[in-house]
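Chemist: Kindly generate the corresponding structure for this input.
(2 chains)
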2 protein chains.
Amino acid sequence: MSDAVRERLAWVAVDWGSSHLRAWGLDERGEVLARAGSDKGMLALAPQEYEPALLEAIGDWLSASGRVAVWVCGMAGARQGWREAAYLPVPTRLDDLARGAVAPVLRDARLEVHLLPGLCQHDDAAGRDFDVMRGEETQLAGLVAHEPGFSGLVCLPGTHAKWAWLEAGTVMRFATALSGELYRLLASRSVLRHSVAEAGLDAPGCREAFVGAVREAAAEPGRFAQRLFGLRAADLLDDSLPAGEARRARLGARLSGLVIGLELAGMQCELPATPVTLVGSAALCERYALALETLGHASRRLDGDTAVLAGLGLARAGGDNSSWRRI
Amino acid sequence: MSDAVRERLAWVAVDWGSSHLRAWGLDERGEVLARAGSDKGMLALAPQEYEPALLEAIGDWLSASGRVAVWVCGMAGARQGWREAAYLPVPTRLDDLARGAVAPVLRDARLEVHLLPGLCQHDDAAGRDFDVMRGEETQLAGLVAHEPGFSGLVCLPGTHAKWAWLEAGTVMRFATALSGELYRLLASRSVLRHSVAEAGLDAPGCREAFVGAVREAAAEPGRFAQRLFGLRAADLLDDSLPAGEARRARLGARLSGLVIGLELAGMQCELPATPVTLVGSAALCERYALALETLGHASRRLDGDTAVLAGLGLARAGGDNSSWRRI
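Modeler: As a prediction, this is how the structure comes out:
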């Protein structure tokens, strides 16, 4: 980083997950000056190893004097992370996450670190179930930074897909589906690993296979475990499938559709008439959008990284998003 | 084996699966004279390694002269096994499996080996889906050996649980649910591995946890992926759970109930008024019996090993079970 850029650096945003850390250097207006990352995620680090891992990633951005604020979301704030930032119970205002932030003890005087909390939900008579999130709440805050007072249903697809019901910028309730992990285990560790490939939906027939599977799983979620084995049986017996990689791509698209269709089956009676807001990567959100569309529901998307940066920026600004550059 | 016992040996029954082989030496009346087994399953063997693996297990049972018939069911007859015994398409009479048996080429003149075929099902207008079984058909044949002309719904719980609709001793249709594999992957490879233990249902609260989970999954199968993550969240947040291993046993029972309940959700509208016949090990069949009972359905059990021996015996007798010892 050049001295000129280094002088513009106002703060650092970090998304520190289980397996990776990603950092952005930003100026006062929220413009990204630099990016860094490493595979030193929570699972690989003891508490005293976080500060060195952070310096390894962003040390070059710091000037000899002066102090830079680093706002961190994700698993670094878990009990088994750097220092625990206890879950905030829902309902929680998303412009107020910073009230649950904690500061780990640091050796380097140039750093000032804030670890944001996750959200938790206890079971109650209003139909809430036990649930937790850590990292996604900051993306939700980013949505609220972008659209103050947002109300609606938000879905954040991923390893543990989150669905959150927001009212006037507050998380009222949320639910987590283990879909991404379920898909990954089935595709890579089950007997289906011989039959499926993880591929896009662009190859011939894959989009149709995905859509058909979404429809079947949503209509008859109870037959999910049967339809899983049906993929293996189709691989052995179905002469109408193409051969080789095309076959594996087709069956992989079908597996993805079954898993996402099952997830949507559980949401169907709660889906609003207004579009679902999807927050995440383009590829995964596209799949969810297609699945929702298959079941007659509209959606729109906010980029996941954009949401993380906006959410961390909102926390840094103490919930005041007036100075935050519109996304 | 003593010479006296060796003289009584009439034939050998072998259940040769993906990961194990199990052999029984029987006399003419079907009495078990000896047992043997090894972990040389289909996945561990090349075609030319089957005969040595068999001799390693039962070589001691053979006399210097004379020839012994060995009837084999399971994956040894798969395409990637010893020699392929092609699937018989349903509907298939279970007293006629021997018509699909094949004999591998052997070096040892004392052996005469018959590999039984599996069953396959093509999708059709009558609502059948692609499906395969290899090994379970012999257990079904054992049920028919026991009760000639059997009609009813049979469930064989396991890694890939099979449900078969029999009419007058013929398999009309069958369905496979990936339940056992799903449970194993979730319990040992997913984030839930930190929260669950595989234990019996005898510990306090485990039976209730299992029954409650069966009921929930059967009532709302679409929420399966949510309830999975709910196990993790409950482990983190639910103060009403006991600590330590008791907690893990409780959550493990709940996971088992969710998976079996999901499977039953897919069967519910097809369950007959007559009892479901469960074929398999006592522990697993007990769980299925409890799950069925939870949903208001009766069941009865036939021991899995008993069924295999009776099925292989029926094939050996060419479908004539008049000389077969009643189970």
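
Chemist: near chain B, which residues of the stretch 151-300 of chain A?
Modeler: Residues of the stretch 151-300 of chain A found near chain B (C-beta under 8 Å from any C-beta of the partner chain) are A:160-161, A:175-179, A:181-182, A:185-186, A:189-192, A:218, A:220-226, A:228-230, A:232-234, A:236-238, A:259, A:262-268. The way it works is simple: take the backbone N, C-alpha and C, and place the C-beta from them, glycine included.

Chemist: quick one: which of those sit in helices?
Modeler: A:179, A:181-182, A:185-186, A:189, A:218, A:224-226, A:228-230, A:232-234, A:236-237, A:259, A:262-267 (DSSP state H).

Chemist: Would you mind giving the domain segments of chain A?
Modeler: A:1-119, A:135-327 (automatic domain parsing).

Chemist: if we can go back for a sec, which among the residues of the stretch 151-300 of chain A next to chain B count as buried?
Modeler: Buried subset of those (neighbour count, 16 or more other C-beta atoms under 10 Å in any protein chain shown): A:160-161, A:175-179, A:181-182, A:185-186, A:190-192, A:218, A:220-226, A:228-230, A:232-234, A:237-238, A:259, A:262-267.

Chemist: Which of the residues in stretch A:139-148 are classified as buried?
Modeler: Buried residues in stretch A:139-148 (16+ other C-beta under 10 Å): A:139-147.

Chemist: Buried residues in the helix or strand bottoming out on mean pLDDT in chain A, which are they?
Modeler: The weakest-scoring helix or strand in chain A, judged by mean pLDDT, DSSP states H and E, is helix A:3-8 (a mean of 92). Of all the residues in helix A:3-8, those buried under the rule 16+ other C-beta under 10 Å are A:Arg6.

Chemist: Quick one: list the elements packing against it.
Modeler: strand A:32-38 (3 or more C-beta pairs under 8 Å, 6 or more residues apart in numbering or on different chains; DSSP states H and E).

Chemist: Adjacent strands (with direction) for the strand it packs on?
Modeler: With DSSP bridges as the test, strand A:32-38 is paired with strand A:21-26 (antiparallel).

Chemist: what's the partner strand in contact with?
Modeler: A:1, A:9-16, A:32-38, A:40-41, A:53-54, A:57-58, A:61, A:76, A:309, A:313 (C-beta atoms under 8 Å, 6 or more residues apart in numbering or on different chains).

Chemist: And it, how far out from the chain middle?
Modeler: Mean C-alpha position of strand A:21-26 versus that of the full chain (C-alpha atoms, centre = their mean, to the nearest Å) differs by 16 Å.

Chemist: For it, buried residues please.
Modeler: A:21-26.

Chemist: now swap in stretch A:198-217 and tell me
Modeler: A:199, A:201, A:203, A:205-206, A:209-214, A:216-217.

Chemist: is it possible to export those to TSV including distance to A:Leu94?
Modeler: Putting the buried residues of stretch A:198-217 into TSV (distance: C-beta to C-beta, whole Å) gives the following:
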residue	distance to A:Leu94
A:Ala199	36
A:Leu201	33
A:Ala203	39
A:Gly205	42
A:Cys206	37
A:Ala209	38
A:Phe210	32
A:Val211	34
A:Gly212	37
A:Ala213	34
A:Val214	30
A:Glu216	36
A:Ala217	32
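
Chemist: Format the residues you listed as JSON lines; extra columns: pLDDT, secondary structure and distance to A:Leu255.
Modeler: Shown next, in JSON lines, are the buried residues of stretch A:198-217 (pLDDT from 0 to 100; DSSP: H, G, I helix; E, B strand; the rest coil; distance: C-beta to C-beta, whole Å):
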{"residue": "A:Ala199", "pLDDT": "85", "secondary structure": "coil", "distance to A:Leu255": "11"}
{"residue": "A:Leu201", "pLDDT": "95", "secondary structure": "coil", "distance to A:Leu255": "12"}
{"residue": "A:Ala203", "pLDDT": "92", "secondary structure": "coil", "distance to A:Leu255": "14"}
{"residue": "A:Gly205", "pLDDT": "96", "secondary structure": "coil", "distance to A:Leu255": "14"}
{"residue": "A:Cys206", "pLDDT": "97", "secondary structure": "helix", "distance to A:Leu255": "11"}
{"residue": "A:Ala209", "pLDDT": "98", "secondary structure": "helix", "distance to A:Leu255": "9"}
{"residue": "A:Phe210", "pLDDT": "98", "secondary structure": "helix", "distance to A:Leu255": "9"}
{"residue": "A:Val211", "pLDDT": "98", "secondary structure": "helix", "distance to A:Leu255": "13"}
{"residue": "A:Gly212", "pLDDT": "98", "secondary structure": "helix", "distance to A:Leu255": "12"}
{"residue": "A:Ala213", "pLDDT": "98", "secondary structure": "helix", "distance to A:Leu255": "7"}
{"residue": "A:Val214", "pLDDT": "98", "secondary structure": "helix", "distance to A:Leu255": "11"}
{"residue": "A:Glu216", "pLDDT": "98", "secondary structure": "helix", "distance to A:Leu255": "12"}
{"residue": "A:Ala217", "pLDDT": "98", "secondary structure": "helix", "distance to A:Leu255": "10"}
